[in-house]
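**Q** Need a 3D model of the sequence below.
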Amino acid sequence: MDKKECIQTLHNSITFQMSLGSKELFHTNFLQWLSNVDWNRFLSLLHSLTGENEFWWEKQICNVEAIPGNGPKPFHPDNENIEVRREHNNYDLSIYILVGYSKPRNEGEARKKWRPVLILENKVKSMPYQEQLDGYAQKAYDEWEGSHPKGQAKDWATEGITFVLLSLFDEVNFNPSHITTISGGNISVTWTKRNYSEVSSCIHDSFKGLTGRGTCIIDDYCTFLKALHNLSQSDDWNVSSKDNYYDKMIKPAEEEVHLRIADIREKIHHERMLKILIDKLQTSTILKGRCEHWNKEKEFKDPKGKKHYNTGVVFYETDFSRGRGATQVFVIVNDVYRLMIQLQNNQYRRCVILHPTEEDIDNKFKKICDGLNKIWSGYARGKSFGKFFNYQYITITDKTVNDILDDVVCDLKAIFSNMEHLKNLR
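**A** I've put the predicted structure just below:
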């Protein structure tokens, strides 16, 4: 399918139109709905997505009575001993099995105890990163191990968790996630990656022959998925270092605007541009080994103590704010401020961001901005987003993506080359 056909397919799709209300959650909501349509076909779908012929738990008898008087039963939603969950513990989709009951306290009711057996992450607008997947895997393992009596965890190799990643991005590859056990050992787990076209085929094959009102919806969804994936692989949705920055990153795409997916296209553009930037950072003598994908947990060196900021690291991320996509990198300089380079719209922004304080904000900004003239000539108070965020910008005109990203790397090198001077600005 070429781009025009993809656009028309999406335009005609009822499930695509339904998905516009929540583009990130819609797909996992749809998968959860499929588990209600036909459990056995849903298991077949999971077999196709994961490459597993049979999950260790699917034909086992749950040795816990889920429904009073019903006795032990096989794991099945009708028996209330297995659940397909959405957005539980920040996993997009997960499957939990019943493993017991908590001991009642003060004669209260015993609560069901559950164990994760499958984790599925779905990335529509954001590119998945190794650090994110590693974090999800560790958190799931900790929950899995914690659901066993202390020191009595089952064999992970035979009764562990299955991990699946769905993504619009074909170009990403991952190493296995390494997990640290409570005893200090290490376990390696692999994420099975599927693109949306593969998901479409797996759903179609698993649910073909189904009768009833859901068939048209499922068929339409499969068509919509394949078209969206093909669109994401088109030249217009890809980013090359040779592309003209304005034409690729800023110029509006009328067809996507009309379909209300311009935000997906723009976010994917920024994710793909960030990937090019990361490659540049990793080949820089000064910056290599000092760069990480940002998440809020990395704000402090000790996230629990929250005493010392995580300084001297280039954090990178994409964002979508004020209705537009952004690529941004920043360095926490000291406990007072951080410096950011932000690309949004046609602006190349150099930003000073104060950490929240009740002290004299204007005086702090003046001292820092004056000192920044050593690396950013003429830098002064400029525009702002709130009282702690100051920026100046250069309008991006006729430059390539490569030129702009080289400018970012150059600014970051200047920051690190003058770090001792910058640390003393308070």
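**Q** helices or strands next to the lengthiest helix in the chain in the packing?
**A** Counting residues, the longest helix found in the chain (DSSP state H) is helix 262-282. When contacts are defined as 3 or more Cβ pairs under 8 Å, 6 or more residues apart in numbering; DSSP states H and E, helix 262-282 sits against helix 254-259, strand 291-293, strand 314-321, strand 324-332, helix 401-417. No exception for glycine: its C-beta is placed from N, CA and C like everyone else's.
**Q** could you pull out the strands for the stretch 151-300 of the chain?
**A** 162-167, 177-180, 186-189, 191-195, 291-293 (DSSP state E, counting those that start in this stretch).
**Q** Let's test this: mean pLDDT of the shortest one, rounded?
**A** Taken as a whole, strand 291-293 has an average pLDDT of 94.
**Q** Return the list of strands paired to it, each annotated with direction.
**A** strand 314-321 (parallel) (DSSP bridges).
**Q** So what's the gap between the strand it pairs with and the chain middle?
**A** On the basis of Cα atoms, centre = their mean, to the nearest Å, strand 314-321 sits 12 Å off its chain's mean C-alpha point.
**Q** Would you mark the buried spots in that strand?
**A** 314-318 (16 or more other Cβ atoms under 10 Å).
**Q** Can you give me the distance of residue 35 to residue 42?
**A** 4 Å (Cβ to Cβ, to the nearest Å).
**Q** sorry, back to before: to residue 385, which of the helices and strands packed on helix 262-282 lies closest?
**A** strand 314-321 (8.6 Å; Cβ to Cβ).
**Q** Next, the buried residues of the longest helix of the chain.
**A** 262-274, 276-278, 280-281.
**Q** can you pull out the helices in the chain?
**A** 3-12, 14-19, 26-37, 39-50, 130-146, 156-159, 196-207, 214-232, 245, 254-259, 262-282, 361-372, 401-417, 419-423.
**Q** who touches stretch 216-223?
**A** 9, 13-15, 30, 34, 37, 200-201, 203-204, 207, 210 (Cβ atoms under 8 Å, 6 or more residues apart in numbering).
**Q** Go ahead and confirm residue 245 touches residue 396.
**A** Yes: counting by Cβ atoms under 8 Å, residue 396 is a contact partner of residue 245 at 5.7 Å.
**Q** can I see the domain layout of this structure?
**A** 3-199, 271-423 (automatic domain parsing).
**Q** Next, give phi and psi for residue 71.
**A** phi 80, psi 170 (degrees, to the nearest 10).
**Q** mind listing what residue 66 touches?
**A** Residue 66 touches 73, 79-81, 98, 112, counting by Cβ under 8 Å, 6+ apart.
**Q** will you turn these into a markdown table that also has neighbour count and pLDDT?
**A** Output for these, formatted as a markdown table (neighbours: other Cβ atoms under 10 Å; pLDDT from 0 to 100):
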| residue | neighbour count | pLDDT |
| --- | --- | --- |
| 73 | 19 | 94 |
| 79 | 18 | 95 |
| 80 | 15 | 94 |
| 81 | 25 | 96 |
| 98 | 21 | 97 |
| 112 | 15 | 91 |
